[in-house]
Structures are given as C-alpha cells and as structure tokens.
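# Take a look and give me a structure for this.
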Amino acid sequence: MVTVVFGARGNVGRHVLAGLLASGERVRAVSRNPAAGFGPGLEVAAADLERPETLPAALADAGRVFLYAKPDGIEGFVAAAESAGVRHVVLLSSAAVVSASAEHSPIARRHRTVELAIERSNLDWTFIRPGMFATNTRMWAEPIHAENVVRLPYPEAQTAPVHEKDMAALAVTALTEPGHSRQAYTVYGAESLTLRRQVEYIGQAISRQIRVEVVSPEQARTELGKTMPPFVAEGILRQWTAGNGVPAPISVIVAKITGSPARTFAQWAADHADDFR
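Here you go, the predicted model:
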C-alpha cells in the first residue's frame, strides 16, 4: 500500500514526505511538475488537483493520502480517491474554520469547503488545522535584506506561530498510527509572541539587530499583497488587528499526539536563518 503526498515540494508536504520515508513507508510524491526537486529512487507522479483526469494514475494502489486544501477540484479528488480505494485522507486545513469570525473569513470558507467534501465522502479522514504559519514571516525577508527593517501596523500584536515541521509530524503520525480516524486537530504554537519579539528572534538567528518601523494598516495591506494572495493578506492583517496587545491561543496538541514537544519560534528562525541573511 502506497501513501501519496500531494504538494510534496511545499513547505509542509516536503516534511511529510521525509517523515514517511524515515518511517519506512512506501511513498509516492505528487507534484504538478515532478521533473525537478526530488531525489533519485523516489516514486513520483505528475498530477494537478484542478485536472481530475490526472488523478487516477497518481492515486493507483493508494491507501492513504496527504492533501492540502484546494477547493477547486475537490469533488474530482474525492471521486478519484474513492474509485482508487483510498482509505484515509489527512488534510492540511486551517484553524480559521473554528475561529469566531469563520463565516466572514475567505480562508475559513475555502478550507471548510474542502473539509465538507471529504466529510460527506466514504473516505476516512483526519484534519490538521494550524493557526499562523511561522513561514508567513518570510514576507519580512525582502525588507530585511534591502533595509534591515520590518514594517508592521501593530508590533505588539501577538500570534503563536506554528513550525511547518510540527504540522508535518502530526500528519505523519495520523497517516502511520491508529486512533486518528475522524479527528480534527487545531494546532497553535507553544508560545504567544509579539510580532516585535518574532523580529528579534530572527535578528538573533542572523546575528543582526533588525529595526521595526510602525506603518498604517493600509500600508501594511499593500505590502502583504505583494507576496501573497489578497485573501491571505487580509486574513493575516485581521489576525494582527485582533491580536494587538492580546495573548494568542497556544496548544499542546503536538506533544500529545507525536510525543515530542512543539518547536519554538526561535528554533524556526534558526532553521530558516539563511532566508533572512
């Protein structure tokens, strides 16, 4: 039985792939362009979630699947997975679906659309619902490179960033161990940090003091829109606004499910120091 990893070159998918291989699982990496980026000897398939005709070959003999949330094409994926005999899907969703403002959140609506399609299917499932991705702070890399500055509307806003390796560890556990059927795990980081403190940790990782400059929310929205889709930028700005001076929720789900403590943001910054140098 093969475990199929969609988005196997993505921030989370690549670590799911590595974790499954380390566990001795038979794995198939799926990408829209698999010609580059994978090592020799790995089983690779080309597929696009928006092109259902590409899915049967990618899902052949698959028993389990790691999937990222993409509303366009989800019904085609469900049909192809059921036809292939897939038993279990682990979906990378979002904590936005359980937030108080979910009905007004484009991010929540997109992820919940995918969750509902899977819930209504004959597939077994586990949902991983992370809060703020630590990787979102990569948007600060360009101004750090260019001017050694990070511009923020609310430097004292707090978030609890989640390391992508922790999301992957939860997914690997759900894919390889029993007991995670029809479970949804909401995942926050292990510590609530101000944005200013996160910038300081990045500075420590690159041995440099980075300046923080306060800008208007409108300026911040424009800057965010340069590096991410508008609905993602708006979601981040809303979270910063709501978290201004307010501790962010944290969780211990990573340690509870995987047996290892969640990684700190300081660890994430050290892991990604080269992104900011």
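# For the spatially most central residue of the chain, which residues are in contact?
Centroid-nearest residue in the chain: residue 12, 5.6 Å away (criterion: C-alpha atoms, centre = their mean). By C-beta atoms under 8 Å, 6 or more residues apart in numbering, the contact list for residue 12 reads 68, 92, 164, 167, 168, 171. Bear in mind the C-beta positions are built from the backbone N, C-alpha and C, glycine included.
# Phi first, then psi, for the residue nearest to the second one when sequence neighbours are not counted.
Translated: residue 92. Leaving aside its chain neighbours, residue 92 sits nearest to residue 68 (4.8 Å; criterion: C-beta to C-beta, 6 or more residues apart in numbering). Backbone torsions of residue 68, given as degrees, to the nearest 10, read phi -100, psi 160.
# Touching, residue 68 and residue 11? I think so.
No. Using C-beta atoms under 8 Å as the test, residue 68 is too far from residue 11 to be in contact (9.8 Å).
# mind listing what's buried in stretch 216-224?
The neighbour-count check on stretch 216-224 (16 or more other C-beta atoms under 10 Å) flags 220, 221, 223, 224 as buried.
# Let me see the ranges of the helices in this structure.
13-22, 55-59, 74-84, 106-119, 141-147, 164-176, 195-205, 217-225, 230-242, 253-258, 265-271, 273-276 (DSSP state H).
# how about the longest one: buried residues?
The neighbour-count check on helix 106-119 (16+ other C-beta under 10 Å) flags 107, 108, 110, 111, 112, 113, 114, 115, 117, 118 as buried.
# Stretch 97-105 now?
97, 99, 102, 105.
# How about stretch 61-71?
Applying 16+ other C-beta under 10 Å to stretch 61-71 flags 62, 63, 64, 65, 66, 67, 68, 69, 70 as buried.
# got those as TSV, with distance to residue 191 and pLDDT columns?
TSV is the format used below for the buried residues of stretch 61-71 (distance: C-beta to C-beta, whole Å; pLDDT from 0 to 100):
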residue	distance to residue 191	pLDDT
62	37	97
63	37	97
64	32	98
65	32	98
66	27	98
67	29	98
68	26	96
69	26	95
70	31	94
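# between those residues, which is closest to residue 157?
Distance to residue 157 across those (C-beta to C-beta) is lowest for residue 69, with 25.1 Å.
# and the closest one, what are its phi and psi?
Torsion angles, degrees, to the nearest 10, at residue 69: phi -80, psi 120.
# how far away is it from residue 49?
10 Å (C-beta to C-beta, to the nearest Å).
# ok, residue 46 touching residue 33?
Yes. Using C-beta under 8 Å, residue 46 is in contact with residue 33, at 7.2 Å.
# what about the two, which has more around it?
residue 46 (14 against 9; other C-beta atoms under 10 Å).
# With adjacent residues omitted, what lies nearest to that one?
residue 34 (5.1 Å).
# now do residue 56
Spatial nearest neighbour of residue 56, chain neighbours left out: residue 80 (5.6 Å); criterion: C-beta to C-beta, 6+ apart.
# isn't the one you found right next to residue 60, touching?
No. Contact criterion C-beta under 8 Å: residue 80 and residue 60 do not qualify, at 10.0 Å.
# okay, these two: which has more neighbours?
Neighbours per residue (other C-beta under 10 Å) separate residue 80 from residue 60, with residue 80 holding more: 22 against 13.
# Could I get the pLDDT score of that one?
We note a pLDDT of 98 for residue 80 in this prediction.
# Pull the contacting residues for it.
So residue 80 contacts 52, 55, 56, 59 (C-beta under 8 Å, 6+ apart).
# Buried ones only from those residues, please, as a PyMOL command.
Command for PyMOL that selects the buried part of these, burial taken from 16+ other C-beta under 10 Å:
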select buried, resi 52+55+59
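# how near is the residue nearest to residue 92 to residue 97?
For residue 68 relative to residue 97 (C-beta to C-beta), the value is 14 Å.
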